[in-house]
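**Q** Let me see the structure of the following:
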Amino acid sequence: MSASRTPALVEVRGVAQRYGRGDKRFTAVENINLSIREGEFVALLGPSGCGKSTLLRIITGLNAPSEGTVLYRGAPLRGVNPKATIVFQTFALFPWLTVEENVAVALQARGVAIEPAHARAVELIDLVGLDGFEQAYPRELSGGMRQKVGIARALAVDPELLCLDEPFSALDVLSAETLRGEVLELWTGGQLQIRAVLMVSHNIEEAVFMADRIVVMDKGPGRIMAEVAVNLPHPRDRKSDAFAALVNRVYALLMGQTQPEEIEFGTEPGQAGVTRALPLAPVTALAGLLEHANATPYERDEIAQLREDLGLDLDHLLPLIEAAELLGFARVESGALILTPLGEAFAEASILARKEIFATRLRRLPFFRWMLRMLRAAGDQALRWEVLLTALERDFPPEEAERQLDIASEWGRYAELFAYDDTEGVFFLESQAAAAPAGAEER
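**A** Take a look at the predicted model:
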């Protein structure tokens, strides 16, 4: 029986998660509707900050949603779901316990006697390929082996729903690849009582390689933007045309199409509308992306190929592409990056010419128009970090507001629009910025 015809194990209906109060209220996820059926391996895919892990914690009952309902086998979920377990990316092992004790402790916590708990632990250690390491301590194991202990511990309680929260992201490339294959072997081999797997990932190739269905999420707030069925038999060939086509399709969904400036730019902080967050893209990395794309013989650079060429994961590549779009250096179409004439000029320009191009583009962005106006309005054309941070916290959660000010500081200082005294914690206008004609930043 196909997964689409099997009963729903989990149903998420109209779920939202909000934090804070009043003007500082932050929505992590909103209007989430999702079903996970028996026999499915589902991947939640999206950039950092889209609420993937928040949704996973809601589904397992670790977090109660602000709105909406989670049903497990048709019944509303109350508290932690005893039929679900999570494997975290940080291993979460007790360093003072042996491998066997780390696995057995999950059973003992549920009231299983010591002897049967340890007997079951030994079985699971063998199942995940760690036979012979029962009495080793976590410090003696590699990252991949430690994560295997985490998987064995999660399996110890015979869960129906196994949740994986970016379980391979803390591993080196080779260890991660090996462990992906071993997890798939356990899942497809029918050796477990698991009825479904839900995996959080920010790696598109990983999701296509492992999952039966990919749920693509976007942020601002976190929401489901698309679902993609992966109808490829296991084991999957990464080099096949079908695999590559699915990867490119997911990239196209996630990256979207470049929108007109009035949509891309958003509104200034503190105004009605949507304030566009600055992508967390270092200038040097952005320049490297543009130089690489300009050096290729293609007019269109497939984003999947760019990721492979540059060795970047989605959380590092996506902000760079967003920055290139926002600054008018590139546009995105159907999963490909296309440099604009301005992007090509920036890639080929001298150091000083790049700064001038960058400054010209920053003056068009509502975020920097607001920041420059705030500085000009100050009596001495200087403002403390805390003043700007407090103003930004009306539009962003505190941690995000600080990140926004960090990236604005780097971009603005690179473009020589303003300077920053780290000792005093003060932004102030550079002489050339202060001398700019009134309204110049509006052009």
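
**Q** Could you chop this protein up by domain?
**A** 41-65+79-254, 262-354, 364-442 (automatic domain parsing).

**Q** what's the first-to-last distance across the first one?
**A** In other words, domain 41-65+79-254. 20 Å (C-alpha to C-alpha, to the nearest Å).

**Q** Would you pull up how far it lies from the middle of the chain?
**A** With C-alpha atoms, centre = their mean, to the nearest Å as the basis, domain 41-65+79-254 stands 16 Å off its chain's centre.

**Q** Likewise for the shortest one?
**A** Here the centre of domain 364-442 is set off from its chain's centre by 27 Å, with C-alpha atoms, centre = their mean.

**Q** For stretch 36-44, the averaged confidence score.
**A** Regarding stretch 36-44, the rounded mean pLDDT is 93.

**Q** An error on my part: the question was meant for stretch 342-355.
**A** On average, stretch 342-355 scores 93.

**Q** before we move on, what about stretch 199-207?
**A** 89.

**Q** and it, which residues are buried?
**A** 199-207 (16 or more other C-beta atoms under 10 Å). For glycine as for every other residue, the C-beta is placed from the backbone atoms N, C-alpha and C.

**Q** Go through those and name the one nearest residue 168.
**A** residue 206 (6.9 Å; C-beta to C-beta).

**Q** Counting by contacts, list what the host helix or strand of that closest one packs against.
**A** Element membership for residue 206, per DSSP states H and E: helix 204-210. Counting contacts by 3 or more C-beta pairs under 8 Å, 6 or more residues apart in numbering; DSSP states H and E, helix 204-210 packs against strand 41-45, helix 173-188, strand 196-201, helix 241-255, helix 303-310.

**Q** now those in TSV, with distance to residue 17?
**A** Listed next are the helices and strands packed on helix 204-210 as TSV, based on distance: least, C-beta to C-beta, whole Å:
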stretch	distance to residue 17
strand 41-45	14
helix 173-188	28
strand 196-201	15
helix 241-255	21
helix 303-310	29
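
**Q** quick one: low-confidence ranges for the stretch 101-250 of the chain?
**A** 191 (pLDDT under 70).

**Q** Which among the helices and strands packed on helix 204-210 is found nearest to residue 51?
**A** strand 41-45 (9.0 Å).

**Q** Need the contact partners of the helix or strand following the closest one.
**A** Following strand 41-45 in sequence order, the next helix or strand is helix 52-60 (DSSP H and E). Here helix 52-60 makes contact (C-beta atoms under 8 Å, 6 or more residues apart in numbering) with 10, 12, 15, 17, 28-29, 32, 34, 36, 44-46, 63-65, 70, 80-81, 84-86, 161, 163, 165-166, 198, 200-202, 217, 222.

**Q** Nearest the geometric middle of this structure, what residue?
**A** Closest to where the C-alpha atoms of the chain average out (C-alpha atoms, centre = their mean) is residue 48, at 2.5 Å.

**Q** can you pull the pLDDT of that one?
**A** 80.

**Q** Against residue 45, how distant is the closest residue in space to it that isn't next to it in sequence?
**A** Closest residue in space to residue 48, ignoring its immediate chain neighbours: residue 315 at 4.9 Å, by C-beta to C-beta, 6 or more residues apart in numbering. Going from residue 315 to residue 45 by C-beta to C-beta, to the nearest Å gives 12 Å.

**Q** Common neighbours of these two, please.
**A** Counting by C-beta under 8 Å, 6+ apart, the residues touching both residue 315 and residue 45 are residue 202.

**Q** And the two? Which one has more around it.
**A** Higher neighbour count among residue 315 and residue 45: residue 45, with 27 against 15, using other C-beta atoms under 10 Å.

**Q** how close does the more buried one get to residue 201?
**A** From residue 45 to residue 201 the distance is 5 Å (C-beta to C-beta).

**Q** Go ahead and confirm the residue nearest to the centre of the chain touches residue 201.
**A** No. Using C-beta atoms under 8 Å, residue 48 makes no contact with residue 201, being 11.7 Å away.

**Q** what's near enough to touch the residue nearest to residue 48?
**A** So residue 315 contacts 47-48, 202 (C-beta under 8 Å, 6+ apart).

**Q** Okay, and the beta partners of the nearest residue to residue 397 once chain neighbours are set aside?
**A** For residue 397, ignoring the flanking residues on the chain, the nearest one in space by C-beta to C-beta, 6+ apart is residue 26 at 4.1 Å. For residue 26, the beta-bridge partners under DSSP bridges are residue 19.

**Q** contacting residues around residue 26?
**A** Residues in contact with residue 26 (C-beta under 8 Å, 6+ apart) are 18-20, 396-397.

**Q** Run through the stretch 251-400 of the chain and note the low-pLDDT ranges.
**A** Judged by pLDDT under 70, the stretches of the stretch 251-400 of the chain that qualify are 257-264, 272-273.

**Q** all strands of it, in order?
**A** For the stretch 251-400 of the chain, the strands defined by DSSP state E, counting those that start in this stretch cover 301-302, 330-333, 336-339, 382-384.

**Q** Partner strands of the last one and their direction?
**A** Right, strand 382-384. strand 426-429 (antiparallel).

**Q** Over to the first one?
**A** On the basis of DSSP bridges, the sheet neighbours of strand 301-302 come out as strand 336-339 (antiparallel).

**Q** gap between the strand it pairs with and the chain center?
**A** Put simply, strand 336-339 sits 22 Å off its chain's centre (C-alpha atoms, centre = their mean).

**Q** thinking residue 39 is in contact with residue 6, fair?
**A** Yes. If you go by C-beta under 8 Å, residue 39 and residue 6 touch, sitting 5.4 Å apart.

**Q** Mutual contacts of the two, please.
**A** With C-beta under 8 Å, 6+ apart, residue 39 and residue 6 have no common neighbours.

**Q** So for the two, which sits in the more crowded spot?
**A** Per other C-beta under 10 Å, whichever of residue 39 and residue 6 has more neighbours is residue 39, with 18 against 14.

**Q** circling back to that earlier point, in the contacts of residue 26, find the pair that's most separated.
**A** 18 and 396 (14.3 Å).

**Q** Could you check which of the two is surrounded by more residues?
**A** Each of residue 18 and residue 396 has its neighbours counted (other C-beta under 10 Å); residue 396 has more, 19 against 15.

**Q** was I right about the more buried one contacting residue 404?
**A** Yes. If you go by C-beta under 8 Å, residue 396 and residue 404 touch, sitting 5.9 Å apart.

**Q** Tell me the residues that contact both of these two, please.
**A** residue 277.

**Q** Which pLDDT value does the model give residue 55?
**A** Note for residue 55: predicted pLDDT of 92.
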